[in-house]
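Q: mind folding the following:
(one chain, ligands or ions: 1)
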Amino acid sequence: MTTYLWNPPPVPSLAVRGKDERYPIHRLFFVGRNYHAHAVEMGRPVDKTVEVPFYFTKSPQTLLPSGQTIAYPPGTRNFHYEMELVVAIGKAGFRVSEADAHTLIYGYAAGLDMTRRDLQLVARDKGRPWDLGKDVEHSSVCSEIVPMPHVVIDSGDIALSVNGQVKQHSNVNKLIWNIRELIADLSQYYHLQAGDLIYTGTPEGVGPVVAGDHLSGHVANIAEVSLHIAAAE
Ligand code: MN
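A: Take a look at the predicted model:
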């Protein structure tokens, strides 16, 4: 039996709708700029004919189940919400074709890619890594996983409200790179595995939160996600 110097941290995991077993997290992938209107608001329009998708990752330890309260994080004055559809991978795949991409899908979730926007933009503009902006503790908020094996979602309302006021409202049919394209492309670089989540990008309307805010989002026919922001530590 393996012994450790101290108790290893628990495996990050999410509840699965209708099941007692939890979904154990392996990796967290995020797609950058995957809705045209958001790419434009970030000052970086996307031309799909000449560009390919890009990704960043966050540590699995940043995962936070929906419905919790976090302190406004350190090191930022511009902490932003990004409402996203999340794909939950349920089977290993490497160099998967778009035609076969659906076979890797276990289900879906609604997620928030919380971001230190000020630090992300400094990093972006100086050509530095995005980690301080993106790999924020408790910043990968996710609903329960909804089992939808082999189902490819190609449309559906996606929206986020802050304190009851709608801030983001779009449709996942506006994804620049769709679910099949993302799985096929990401699998060119990684051996995708069960437990990998893919946050598929946010629509337009991203903005800052302050202490006391309540965020509530949904992806139609999938799930809802929420987060409370408390005062900084
Ligand atoms: Mn994002």
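Q: specify the beta-bridge partners of the spatially most central residue of the chain.
A: The residue lying closest to the centre of the chain (C-alpha atoms, centre = their mean) is Tyr199, at 3.1 Å. Taking DSSP bridges as the rule, Tyr199 bridges to Phe30, Val86.
Q: that one and the ion: what is the separation?
A: Separation of Tyr199 from the ion (C-beta to the ion, to the nearest Å) stands at 6 Å. Glycine gets a C-beta too; all of them are placed from N, C-alpha and C.
Q: pLDDT score assigned to that residue?
A: As predicted, Tyr199 sits at a pLDDT of 98.
Q: again with Asp20
A: Asp20 carries a pLDDT score of 98 in this model.
Q: name the element it belongs to?
A: Asp20 is located outside every helix and strand, with elements delineated by DSSP states H and E.
Q: and Leu64, by the same measure?
A: Leu64 is part of strand 63-65, with elements assigned from DSSP H and E.
Q: closest point of the protein to the ion, which residue?
A: Evaluated by C-beta to the ion, the chain has Asp113 as its residue closest to the ion, separated by 3.4 Å.
Q: what is the neighbour count of that residue?
A: Look at Asp113: counted by other C-beta atoms under 10 Å, it has 28 neighbours.
Q: check which helices and strands the strand holding Leu64 sits against.
A: Secondary-structure packing of strand 63-65 (3 or more C-beta pairs under 8 Å, 6 or more residues apart in numbering; DSSP states H and E): strand 140-142.
Q: pull out the buried positions in stretch 54-63.
A: 55-58, 60, 62-63 (16 or more other C-beta atoms under 10 Å).
Q: list of residues touching the strand holding Leu64?
A: For strand 63-65, the surrounding residues in contact (C-beta atoms under 8 Å, 6 or more residues apart in numbering) are 12, 14-15, 25, 28, 70, 138-144, 227.
Q: could you give me the average pLDDT of that strand?
A: Strand 63-65 carries an average pLDDT of 98.
Q: could I get the buried residue list for the one helix or strand in the chain whose mean pLDDT sits lowest?
A: Scoring the helices and strands of the chain by mean pLDDT, DSSP states H and E places helix 36-41 at the bottom, with a mean of 94. By 16+ other C-beta under 10 Å, the buried positions in helix 36-41 come out as 36, 38-39.
Q: alpha carbons only: can I get it in CSV?
A: Output of helix 36-41 as CSV, limited to C-alpha atoms (Å, rounded to 0.1, in the frame of the first residue of the first chain):
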residue,chain,number,x,y,z
HIS,A,36,-18.1,36.3,-32.5
ALA,A,37,-19.7,39.0,-30.5
HIS,A,38,-17.5,38.2,-27.5
ALA,A,39,-14.4,38.1,-29.6
VAL,A,40,-15.3,41.6,-30.9
GLU,A,41,-16.0,42.9,-27.4
